Structures are given as structure tokens and as C-alpha cells.
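Enquirer: Quick one: sequence and predicted model below, then my questions.
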Amino acid sequence: MRHINEVKRVLAMSAALCFAVSCAEDKPEPPPPRETVLPLLLQEAESLKRDGEDISPKLEVDMTWEIGLVDVWEQPGNEPFPWAGNIHVTIIARIKELDGYITEKTEKDFDYAWDMNREEWLAQ
């Protein structure tokens, strides 16, 4: 009889442990804090600037990308994409013409969402 009670106790503990583990697996991972995702979006802004200014000299265009506001905000209830972000840039193009240079200025916004599965910013 004592052996049967011991077996019942072990089975009950095993069932409780399995239940606890299964409950823990169902919980979604909390999103990273703003202090983590904002610097990563700033890195993305620097990458955009670097790529945007890398133009062939044969085109005779000088490009300057000025990073303006970089902002991040929460998206409550959107577990796969808990953060949204925006990078605002001013693009200044100095274009060679026959009689000199002309300058064109353009404002551009790039929208992003933080992907929990990939753990990175995705352009929207």
C-alpha cells in the first residue's frame, strides 16, 4: 500500500510539472524595452545614410543624407510587432549641370516595425 501511495505522489508531481512547463511555453516572450530597440533603429538610420550617399562618381551627383528625427513607439496588442518606428531624413542632391550645379532638397520618411521572431527592424 505504501508503494502505491508513493507512485501516486510521483505521478501527481509529474503531472503538475508537465502542466507548469506547458503553461510557461504558451506565454509570449515580452517585447524588448525601448532602450534596446531605439539604438538599433538609429543604426538602421546610419546604414540608410551610408547607402544613400554611396553614389557612383560617374553620375556627377553629390548626395548628403541628414538624419532628422528617429522615433519609436509601442503598438499595444500587436504581439508579433510590438514596436513601430520612423526615420526622417533630408536628402540634399547637388547635381552637375552644363553651367554649374543645382541643388535639390527632399524630405523622406522610412517606416519600420520591430519583428519579435527575427528580433530586428523590418522596413514597412
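Expert: In hand now; what should we look at?
Enquirer: just the helices in this structure please.
Expert: 2-26, 34-53 (DSSP state H).
Enquirer: Those: lowest mean pLDDT?
Expert: Among the helices of the chain, helix 2-26 has the lowest mean pLDDT, at a mean of 59.
Enquirer: Beta-bridge partners for the closest residue in space to residue 34 that isn't next to it in sequence, please?
Expert: In space, and not counting its chain neighbours, residue 34 is closest to residue 72: 5.9 Å by CB to CB, 6 or more residues apart in numbering. No exception for glycine: its C-beta is placed from N, CA and C like everyone else's. Beta-bridge partners for residue 72, by DSSP bridges, are residue 85.
Enquirer: ok, residue 72 - how many residues close by?
Expert: Residue 72 has 19 neighbouring residues, counting by other CB atoms under 10 Å.
Enquirer: just the one 4 residues further on next, same as before
Expert: Using other CB under 10 Å as the criterion, residue 76 is surrounded by 7 other residues.
Enquirer: give me every residue that touches the nearest residue to residue 44 once chain neighbours are set aside.
Expert: Distances taken as CB to CB, 6+ apart place residue 121 nearest to residue 44, at 5.4 Å, with adjacent residues excluded. For residue 121, the contact set (CB atoms under 8 Å, 6 or more residues apart in numbering) comprises 37, 40, 41, 44, 85, 112, 113, 114, 115.
Enquirer: Can you tell me how far residue 67 is from residue 58?
Expert: According to CB to CB, to the nearest Å, residue 67 and residue 58 sit 26 Å apart.
Enquirer: what's the answer for residue 90, then?
Expert: From residue 90 to residue 58 the distance is 25 Å (CB to CB).
Enquirer: okay, these two: which has more neighbours?
Expert: Neighbour count, other CB under 10 Å: between residue 90 and residue 58, residue 90 has more, with 13 against 6.
Enquirer: these two touch, right, that one and residue 69?
Expert: No - the pair residue 90 / residue 69 is not scored as a contact, 10.6 Å apart, by CB atoms under 8 Å.
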